[in-house]
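Student: Let's see this in three dimensions:
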Amino acid sequence: MGLNGTGFHSQSSPDDAHVSGPLHRMQPWYAAYMAALFEPDRTKIVERVREAEILIVDRSRALRNGNPDIAEQRALDNALHALRALASCMKK
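Tutor: Numbers count the residues shown, from 1 in each chain. Model prediction:
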């Protein structure tokens, strides 16, 4: 109970997943985020992370100033944390 079928607890309702989940994947920040995560050239990862962070922060501000989308805001926060972890790993 309380599991979303993957073994992880889900805080969003089925309506959130239907409306917000797939739609945020069409945003430019999401494409930049994926490009950073899957960049095969190690020399380009830091640049890709920086580009994605800028788009994520901009989108997050836009959501806070407009019609808030809780599911997308959560995805933005998670993406930013993941990018910062990746950047930290690249410094080692």
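Student: Can you report how many residues lie near Val49?
Tutor: By the criterion of other C-beta atoms under 10 Å, Val49 has 22 neighbours. For glycine as for every other residue, the C-beta is placed from the backbone atoms N, C-alpha and C.
Student: That one reaches Ala87, doesn't it?
Tutor: Yes: applying C-beta atoms under 8 Å, one finds Val49 in contact with Ala87, separated by 4.9 Å.
Student: any idea how far Ser88 is from Ile45?
Tutor: Taking C-beta to C-beta, to the nearest Å as the measure, Ser88 falls 12 Å from Ile45.
Student: sorry, that was for Arg59
Tutor: Per C-beta to C-beta, Arg59 is found 21 Å from Ile45.
Student: for Ile70, same thing?
Tutor: 30 Å.
Student: Mind checking which of the two has more residues around it?
Tutor: Neighbours were counted for Ile70 and for Ile45 using other C-beta under 10 Å; Ile45 has more, 20 against 13.
Student: in which helix or strand would I find that one?
Tutor: Per DSSP states H and E: Ile45 is located in helix 42-65.
Student: just Ala82 next, same as before
Tutor: Short version, using DSSP H and E: Ala82 is in helix 70-90.
Student: Run the angle between that helix and helix 42-65 for me.
Tutor: Relative orientation of helix 70-90 and helix 42-65, computed by axes from the mean of the first three to the mean of the last three C-alpha atoms, to 10 degrees: 150 degrees.
Student: Quick check: which ranges of this structure have low pLDDT?
Tutor: 1-22 (pLDDT under 70).
Student: residue contacts, the most centrally placed residue in it?
Tutor: Geometric centre of the chain, nearest residue: Ala79, 3.1 Å, by C-alpha atoms, centre = their mean. For Ala79, the contact set (C-beta atoms under 8 Å, 6 or more residues apart in numbering) comprises 29-30, 33, 52, 56.
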